[in-house]
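*Asks:* Here is my input; please provide its structure:
(one chain, ligands or ions: 1)
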Amino acid sequence: MRKGHFQRVIKEKLKDYQLLVVSNREPYIHNWKEDQIECIRPASGLTIALDPMMRACGGVWVAHGSGTADRETVDNNQKVRVPPEDPRYELKRVWLSKEEEEGFYYGFANEALWPLCHIAYTRPVFKASDWEYYKKVNHLFAEKVLEETGSERPLVFIQDYHLALLPRIIKEKNPDALTVQFWHIPWPNPEAFRICPWKKELLEGLLGNDLLGFHIRYHCNNFIDTVDRELEARPDRERSAIVYKDKITYIRHFPISIDFDAIAESAAKKEVEEEVKRLKIKYRLLGDVIGVGVDRLDYTKGIPEKFRAIDLFLDQNPEYKKRFVYIQLGAPSREHIPSYKQINDEIDEWVEKVNWRHRTEYWSPILFLREHIPFLSMLAFYKMSHFCIVSSLQDGMNLVAKEYIAAKTDSNGVLILSRFTGASRELNEALLINPYAADEFAQTIKEAIEMPPEEGTRRMKKLREIVRERNIYRWADQILTKAIQIS
Ligand code: F6P
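*Replies:* Purely as a prediction, here's the structure:
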């Protein structure tokens, strides 16, 4: 489905509803840079995906105001119109105290729920004080959402694991609201989930939804199995639904995506070609084989595993020395949390080790850039690369894989993709890897580099067709249409 078509059909479908999107992360962050205010886009798959939908639909997006200049840029109702260059919808900011951010965001959401839902062998940390803040902040978000409701029926579209209690609170206060939630991360099996001390409250919160979406069917099945084990609920597997206390919640999978056309169009611009030349000179990218990776610096992304495979690849294929460079772009994330400090140290050690082992006087195999990269430069890195590696140990979807495909307008380039991403279910023309299996991974890097050009182009063309077709507008249309159907 193309953007124009989506815009026409969605207006008609939503005509009796008021669309309210809610997430923790905001799509535009205003920060002070010296004495100027700059607006940045966060490194977040969620916001990358939902911003085009909101631009097309209009409405209000309620999110935590986390920027240093966010308060200076809102009006009296705590709102700012975005995107700044072409305002299309309202962003309403919710303010959290330092203690609330610590307990809710860093604590329960990211030290408990994130590792609980991702099987990456980092233990969740459950603290009663974090849980108290999680509940408090979910109530605060509910209050801010309900302040926005008017005469039309609200369609509250909730995002992710930060707000698991929100649907129930909203339903209790406004039973007429249509509540839909999309869970952007995996849902684990019942055995893994049962260690959470507040599992029942979380599940009850989520069953306040009329529709609950995951990326893949496997996560839907895990969720239904978990509820079946933990609550006196009636799973209706035929209809893929759960009946709990006389209320029905439909569970469906909707693989999220990107605005393919917009990315492809930007990637084809002359400015990107110029940026390619500029970056090649700046970083002295002289090799004829360039690989790229773009990740938030998170232990679920398999970054050490990737460097271990590159190390092995260079050991086994010394002829690529001086010819090969791997550019790792890493956006700092959640650095306040000990497990994130640890993964950052581990990544630094790997870069140092691999570069030290293989470097020559003028050449090192890994270029690691720990920074938020502007979109234009990211497109330039995608464009100049011969292959891209996404090596997540587990990932709900992974939109970098889809962005890479969209940016490859000349259909050159090979995607190496972890089997443990949601994206691997759709993108089967990528070279699929198990990031834990170092030898197989190293061998796949070689295969990507040595793939005959016709074969690479054939695969990339197919991948581009898939992502062009299954874009973010199709995702948004499917989830919102389903919500309206069941209401
Ligand atoms: O996609 C999962 C997710 O946690 C989003 O909810 C979030 O915006 C993104 O990853 C980045 O994480 P954070 O918002 O914690 O920076």
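*Asks:* burial of the residue of the stretch 301-450 of the chain found nearest the ligand, as a residue count?
*Replies:* Of all residues in the stretch 301-450 of the chain, residue 333 sits closest to the ligand, with a separation of 5.3 Å (CB to the nearest ligand atom). Any C-beta I mention is one placed from the backbone N, CA and C, and that applies to glycine too. Here the neighbour count serves as a burial measure; for residue 333 (other CB atoms under 10 Å) it reads 19.
*Asks:* Then residue 263?
*Replies:* Per other CB under 10 Å, the neighbour tally for residue 263 reads 24.
*Asks:* This protein - how does it break down into domains?
*Replies:* Structural domains of the chain, as assigned by automatic domain parsing, span the residue ranges 3-256+472-486, 262-468.
*Asks:* and the last one, what's its mean pLDDT?
*Replies:* The average pLDDT for domain 262-468 rounds to 97.
*Asks:* and if you look at the longest one?
*Replies:* Averaged over domain 3-256+472-486, pLDDT sits at 97.
*Asks:* still on that earlier bit, can I take it that the residue of the stretch 301-450 of the chain closest to the ligand is in a strand?
*Replies:* No. Inclusion of residue 333 in a strand is not indicated when DSSP: H, G, I helix; E, B strand; the rest coil is applied; the result is coil.
*Asks:* residues from the stretch 101-250 of the chain in reach of the ligand?
*Replies:* Within the stretch 101-250 of the chain, the positions lying close to the ligand (CB under 6 Å from any ligand atom) are 160, 184-185.
*Asks:* Out of those residues, name the ones that lie in helices.
*Replies:* When DSSP state H is applied, those are split such that none fall in helices.
*Asks:* For those residues, which single residue is the most surrounded?
*Replies:* Within these, most neighbours by other CB under 10 Å means residue 184, with 25 neighbours.
*Asks:* Show the contacting residues for the residue nearest to it when sequence neighbours are not counted.
*Replies:* Leaving aside its chain neighbours, residue 184 sits nearest to residue 160 (4.8 Å; criterion: CB to CB, 6 or more residues apart in numbering). For residue 160, the residues meeting the contact criterion (CB atoms under 8 Å, 6 or more residues apart in numbering) are 23-24, 46, 182-185.
*Asks:* What about those residues, which are in strands?
*Replies:* When strands are assigned by DSSP state E, the members of these inside them are residue 182.
*Asks:* residues contacting whatever residue of the chain ends up closest to the ligand?
*Replies:* Using CB to the nearest ligand atom, the point where the chain gets nearest to the ligand is residue 44, with a distance of 3.2 Å. Neighbouring residues of residue 44 by CB under 8 Å, 6+ apart: residue 25.
*Asks:* now the strands: where do they sit in the stretch 201-350 of the chain?
*Replies:* Across the stretch 201-350 of the chain, reading from the start of the chain, the strands by DSSP state E, counting those that start in this stretch fall at 211-214, 234-236, 241-244, 247-253, 289-296, 324-331.
*Asks:* Go through the ones you listed and pick out the most buried.
*Replies:* strand 211-214 (a mean of 26; mean count of other CB atoms under 10 Å).
*Asks:* Could you check how far residue 278 is from residue 288?
*Replies:* The span separating residue 278 from residue 288 equals 19 Å under the rule CB to CB, to the nearest Å.
*Asks:* related to what we said a few turns ago, list the backbone torsions phi and psi for the residue nearest to residue 184.
*Replies:* Its backbone dihedrals place residue 160 at phi 80, psi -180, with angles given as degrees, to the nearest 10.
*Asks:* Also residue 155?
*Replies:* Residue 155 has phi and psi values of phi -110, psi 100 when expressed as degrees, to the nearest 10.
*Asks:* How about it: what's its closest non-neighbour residue?
*Replies:* If the residues on either side of it in the chain are set aside, residue 155 comes closest to residue 17, at 4.2 Å by CB to CB, 6+ apart.
*Asks:* The one you found contacts residue 152, correct?
*Replies:* Yes. Assessed by CB atoms under 8 Å, residue 17 is found in contact with residue 152 at 6.0 Å.
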